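[1] Got a sequence here, can you build the structure:
(4 chains)
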Number of protein chains: 2
Amino acid sequence: MLYWSFGMEDRSGMKNTTITRVLPVTVPKAADILANQLREMIVTGRLPPGSFLPNERQLVTDSGLSRTSVRDSLRVLESEGLISTKVGRSGGSMITLPGRGSVARSVELFVRTHGIRLESLLECRVAVEPTLAALAARHHSAEQLSEIEALHLEFVDSVDQVQRYKAINLDWHLAIARASGNEPLIALMEAISKPIRDAMDYQHVTTPELRHSAVAAHTKILDSIRARDAQSAHRRMERHVSAYRDVAVSQGADRQLERPETGQ
Amino acid sequence: MLYWSFGMEDRSGMKNTTITRVLPVTVPKAADILANQLREMIVTGRLPPGSFLPNERQLVTDSGLSRTSVRDSLRVLESEGLISTKVGRSGGSMITLPGRGSVARSVELFVRTHGIRLESLLECRVAVEPTLAALAARHHSAEQLSEIEALHLEFVDSVDQVQRYKAINLDWHLAIARASGNEPLIALMEAISKPIRDAMDYQHVTTPELRHSAVAAHTKILDSIRARDAQSAHRRMERHVSAYRDVAVSQGADRQLERPETGQ
DNA sequence: GTGGTATATTTATCAGACCATGATGAATGA
DNA sequence: TCATTCATCATGGTCTGATAAATATACCAC
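    As a prediction, the model looks like this:
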């Protein structure tokens, strides 16, 4: 009855601003509500990493929900990397922090499902890596520097073994990223590295000449970082990754990753 | 019996590289196996976006698992943004693509749980936005340009209304990002924008002088983009966001976001 | 001590039922 | 004829209660 008159108003096409109507009400799922509560407790630090959530049966009595709903919410938090659940006595759901791998997985899904082109990912690197090199030059610790140097030695040594060369190449770039100390940029770099690696394994052909010039570029960049010269590290890394992108793109690598068969 | 000799080796403290040991064996959960299967079908395009997964009861008979496990796997896929589930007749789980918002959520969780400093996020912008501006200058469409111009007019007009100014400011930057056409970088920019916005709302104080100089900078950048001058767009954006970062950092904004109470 | 065994506690999984939602189409009435 | 109403039905959402599997802990036999 009440709604009927509203219905008349609707059908009349008239806009009556004096009538107050209820806002559209959406019914969230019980599991989502609980998941939101728990997520908020975790990100605000009320449930610090390493501590445990109440066990499932306790959550059932606390929340008044069924075990099904409680478990649904735990699965969501688990897939967000906020908890890690183990079975057995003194098992349970331990609070963990998402970590860069979590961001990387999300980016990988994005890249794969959208058929992002390799060119775009390399463009990303061109945007990000010079800054990473500059930050690494400023902020690197002794251990980080020696890790980079060790990888560089391996890199020089691997110049005639293509598979090993490719693997160490990206590892070296990642080591520099980690030395930058900028967590979001490290996460981005790690996130795009895996898709780049996949694409490169699949199609990129290197030549001995290119590999030797890459070794030369790495050597110079390493010098800049060692000297804590942020400006030259930035400039040299910029040249290096730009050149890399140009070569890859010129080789027709600018087609889409994944879903090549659908043609979309 | 077999494990016994291995145990001896462990306690001896000797490192014997000739002995091969079994790798730690993890028992995957039934729900995860099913989730992996379905995820693979989705990302490879065998289940195209817009189509529907079999309904839950069908998945139960197909997989031989219980409805609990089937539903657990669906919750995981849903939280990854790969499906969207609706109830009711002709409801079900529709395949969707993750989208940039999914990456943004993941990054936001990372930033909040790790207490990433505002300085790091602004450093991110400095790394990314000049490239975005350059790409936007090269690739922008007519519609994208007019959107940027419209936001710029609003921006100029809002210079004396701090709240409106802040909102439009970031929207303008995001519009430029979208015009770049580089999906991964757009996603990163959107991802870090929300945390930056939150932090800025919370603490950053602007002055009329700063706002007017920002308007001037935006005007010049817009000129470069309009002229499709990628180089100058890059350079001007670089100056603009660097200056922004320097101001914010000098105001003591370099403390950690979130968890300020724990002091860690 | 060392390794086996029982036990307790936890999550994982199953089975089956009922509820809530919302599209469909038939019945109804102007 | 057309719009409205209402029963129907397929779907996911929620609940209940039970059993299986994993695993830390305490205890026991040698």
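[2] From here on, just use CA atoms for contacts and neighbour counts.
    OK.
[3] burial measure for residue A:89, as a count.
    Residue A:89 has 6 neighbouring residues, counting by other C-alpha atoms under 10 Å in any protein chain shown.
[4] can you pull the contacts of it?
    By C-alpha atoms under 8 Å, 6 or more residues apart in numbering or on different chains, the contact list for residue A:89 is empty.
[5] ditto for residue A:76
    Contacts of residue A:76 were listed using C-alpha under 8 Å, 6+ apart, and they are A:35, B:75, B:76, B:79.
[6] For the stretch 51-200 of chain A, what lies in contact range of chain B?
    By C-alpha under 8 Å from any C-alpha of the partner chain, the residues of the stretch 51-200 of chain A that approach chain B are A:68, A:72, A:75-76, A:79-80, A:97-100, A:102-103, A:106-107, A:109-114, A:116, A:120-121, A:123-124, A:127-128, A:131, A:182-185, A:188.
[7] Would you format the contacts of residue A:76 as a markdown table with distance to residue A:243, pLDDT and secondary structure included?
    Shown next, in a markdown table, are these (distance: C-alpha to C-alpha, whole Å; pLDDT from 0 to 100; DSSP: H, G, I helix; E, B strand; the rest coil):
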| residue | distance to residue A:243 | pLDDT | secondary structure |
| --- | --- | --- | --- |
| A:35 | 47 | 96 | helix |
| B:75 | 44 | 96 | helix |
| B:76 | 40 | 96 | helix |
| B:79 | 39 | 96 | helix |
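[8] wait, does the strand or helix carrying residue A:62 make contact with DNA strand D?
    Per DSSP states H and E, residue A:62 falls inside helix A:56-63. No. In terms of C-alpha under 7 Å from any atom of the strand, no part of helix A:56-63 sits within range of DNA strand D; the closest distance is 8.1 Å.
[9] and that helix, average pLDDT?
    For helix A:56-63, mean pLDDT rounds to 94.
[10] same thing with stretch A:87-105?
    For stretch A:87-105, the mean pLDDT works out to 94.
[11] If you count neighbours, what's buried in it?
    A:92-100, A:102-105 (16 or more other C-alpha atoms under 10 Å in any protein chain shown).
[12] With stretch A:167-176 instead?
    Judged by neighbour count (16+ other C-alpha under 10 Å), stretch A:167-176 contains these buried residues: A:168, A:169, A:170, A:171, A:172, A:173, A:174, A:175, A:176.
[13] Relative to residue A:198, which of the residues you listed is nearest.
    Residue A:198 has its nearest neighbour among those in residue A:170, at 11.5 Å by C-alpha to C-alpha.
[14] can you tell me which of the residues of the stretch 51-200 of chain A next to chain B are in helices?
    Among those, the ones falling in helices (DSSP state H) are A:68, A:72, A:75-76, A:79, A:99-100, A:102-103, A:106-107, A:109-114, A:120-121, A:123-124, A:127-128, A:131, A:183-185, A:188.
[15] and DNA strand C, which of the residues you listed reach it?
    Filtering those for proximity to DNA strand C by C-alpha under 7 Å from any atom of the strand leaves nothing.
[16] Can you tell me which of the residues you listed are buried?
    For those, buried by 16+ other C-alpha under 10 Å: A:72, A:75-76, A:79, A:99-100, A:102-103, A:106-107, A:109-114, A:120-121, A:123-124, A:127-128, A:131, A:183-185, A:188.
[17] Spell out which residues of chain A are next to DNA strand D.
    Within chain A, the positions near DNA strand D by C-alpha under 7 Å from any atom of the strand are A:4, A:11, A:28-31, A:64-69, A:86-91.
[18] Kind regards, and thank you for your time.
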